[in-house]
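> Dropping a prediction and its sequence here:
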Amino acid sequence: MDAAAELHLASNDLPAGPIGLISQSGNLALEVGMRAEAARLGFARFASIGNQADLQVADLVEDFALAPGIEAIALYCEDFRDGRRFLEVARAATDAGTPVVMITVGASEAAARAARSHTGAMVSGQRSIEAACRAAGIEQVQTPKELVDLLQGLLLPAAPRGRRVAILADGGGHGAVAAEVAER
């Protein structure tokens with residue numbers, strides 16, 4: 001999907017907006033689209049790359065980082081093929097001011113098996129992915145909801161400054177849960 005070119009080849013309509021979405025799962029991307037629309041966000045470009053038989057995640061991150069109208073890049077990746085190149089282009093995007101937010105799987109054996117059966121992915125160890133993402137400036141999230149929530153915050157016209165967060169809740173339990181999530 002390319003909103004500027006009015007090219008819509010996805011099975012479902014996706015809302016237009018400032019996000020570039022790259023996903024190894026079409027259905028997961030559709031969920032992200034529904035959540036983005038509910039949050040009044042949308043996509044400048046979307047590519048579902050399946051098992052990366054031709055294009056790789058890094059190719060598209062590199063292209064999306066240079067594309068006009070893309071202010072953030074969202075990813076669902078099961079594997080990276082060329083991890084070093086992926087980290088280089090993601091770092092270049094974040095250094096240029098385009099946030100990269102990613103969901104990946106493989107922390108559990110069940111998720112690794114599911115990824116192998118879905119795209120043939122041989123997932124990497126979660127600790128090495130987390131360390132690489134920190135080094136490249138990639139924000140990691142666990143769910144499509146977290147992905148959209150973080151993108152919504154990153155795309156605010158004026159990002160809050162500093163490292164402080166205030167939590168306002170109508171109950172102690174909700175405040176404690178919010179504090180846990182905020183610190184994580």
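Nice, I can see it.
> switch to C-alpha atoms for all contacts and neighbour counts from now on
Noted.
> Enumerate every residue touching the spatially closest residue to Leu7 that is not a sequence neighbour.
Counting by CA to CA, 6 or more residues apart in numbering, Leu7 lies nearest to Met1, which is 5.4 Å off, once chain neighbours are set aside. By CA atoms under 8 Å, 6 or more residues apart in numbering, the residues touching Met1 are 7-10, 44-47.
> now swap in Ala90 and tell me
Residues near Ala90 by CA under 8 Å, 6+ apart: 58, 61-62, 100, 136-138.
> cool, and Leu9?
Counting by CA under 8 Å, 6+ apart, Leu9 touches Met1.
> Ala53 - how many residues pack around it?
The number of residues packed near Ala53 is 8, by other CA atoms under 10 Å.
> What of Glu183?
Glu183 has 7 neighbouring residues, counting by other CA under 10 Å.
> what's the answer for Gly137, then?
Neighbours of Gly137 (other CA under 10 Å): 19.
> pretty sure it is in contact with Arg91, am I right?
Yes. Between Gly137 and Arg91 there is a contact at 6.2 Å, judged by CA atoms under 8 Å.
> Can you tell me the SS state at Gly17?
Secondary structure, DSSP: H, G, I helix; E, B strand; the rest coil: Gly17 is strand.
> Quick check: of the contacts of Ala90, which lies closest to Leu156?
Val100 (15.0 Å; CA to CA).
> What count of nearby residues applies to that closest one?
By other CA under 10 Å, 27 other residues sit near Val100.
> Who does the residue nearest to it when sequence neighbours are not counted form a beta bridge with?
Distance criterion CA to CA, 6+ apart; nearest residue to Val100, sequence neighbours excluded, is Ile73 at 4.8 Å. Applying DSSP bridges to Ile73 gives these bridge partners: Gly20, Val100.
> Report the contact partners of Gly20.
Here Gly20 is in contact with 43-46, 64, 70-74 (criterion: CA under 8 Å, 6+ apart).
> Rebuild those residues as a markdown table, extending it with distance to Gln24, neighbour count and pLDDT.
Listed next are the contacts of Gly20 as a markdown table, based on distance: CA to CA, whole Å; neighbours: other CA atoms under 10 Å; pLDDT from 0 to 100:
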| residue | distance to Gln24 | neighbour count | pLDDT |
| --- | --- | --- | --- |
| Phe43 | 16 | 26 | 97 |
| Ala44 | 18 | 26 | 97 |
| Arg45 | 15 | 25 | 97 |
| Phe46 | 11 | 27 | 96 |
| Phe64 | 16 | 24 | 97 |
| Ile70 | 19 | 19 | 98 |
| Glu71 | 21 | 22 | 97 |
| Ala72 | 18 | 24 | 98 |
| Ile73 | 14 | 28 | 98 |
| Ala74 | 12 | 27 | 98 |
